[in-house]
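*Asks:* Make a model of this:
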Amino acid sequence: MYIISRELLVNEQIDAKKVRLIGSDGEQIGIVTIEDALNRAAAERLDLALVSPQANPPVCKILNYGKYKYEQSKREREARKKQHIVNLKEIRMSPTIEEHDLNTKARHAKKFLEGGDKVKITIRFRGRQIVHSELGKEVLEKMGGMLSEYGKPDSGVQMEGRHMSITYSPIIKGE
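*Replies:* Residues are numbered from 1 along each chain as shown. From the prediction side, this is the model:
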């Protein structure tokens, strides 16, 4: 069983007898004992880090471990900045919604889709309205026509109890 850790083993944590050593400037030094590798790293006032533990013999590199960890955290921060988190926004309506209200809800949905968020449009049936579920389907189709240039449906219309819903994903420019 292998435990994959993002942390490198450093200096005395390395338990191999012999290692393939890479110098601080990147040149191959060769296969040396762990004591010799630790002495060379100490002479340069740097750390010995286990870079590739699976190799035979394991590969170690002389480097400044504090600087390495700082650079790694900096790369992770940059990667997080470039990520875009997609939120799911829900718009609720009734099957008896009026035209003006429908246009207002469509405007909100367009704004969400342009912002890169997914939109779930839900029709809520109250009382005996559930008998006329085709009215809800008509409203969802009308809304779909208004959103066709901003988003595409993920799947068909779904019934969940007294709720009928459909989810739209934004259309990415260049698709």
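
*Asks:* Can you give me the distance of the residue nearest the centre of the chain to residue 116?
*Replies:* The chain has residue 83 as the residue nearest its centroid, 6.7 Å off, counting by CA atoms, centre = their mean. Using CB to CB, to the nearest Å, we find residue 83 at a distance of 12 Å from residue 116. Quick note: C-beta positions are derived from backbone N, CA and C, even for glycine.

*Asks:* Could you export stretch 100-107 as CSV, keeping only the C-alpha atoms?
*Replies:* Only the C-alpha atoms of stretch 100-107 are listed here, as CSV (Å, rounded to 0.1, in the frame of the first residue of the first chain):
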residue,chain,number,x,y,z
HIS,A,100,-44.5,40.1,-18.3
ASP,A,101,-43.4,38.0,-15.3
LEU,A,102,-42.1,35.3,-17.6
ASN,A,103,-40.0,37.9,-19.5
THR,A,104,-38.6,39.2,-16.2
LYS,A,105,-37.6,35.7,-15.1
ALA,A,106,-36.1,35.0,-18.5
ARG,A,107,-34.0,38.2,-18.2
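
*Asks:* Name the residues that touch that stretch?
*Replies:* With contacts defined as CB atoms under 8 Å, 6 or more residues apart in numbering, stretch 100-107 is touched by 91, 93, 97, 121, 139, 142-143, 146-147.

*Asks:* Check the offset of that stretch from the chain's centre.
*Replies:* Computed by CA atoms, centre = their mean, to the nearest Å, the separation of stretch 100-107 from the middle of its chain amounts to 32 Å.
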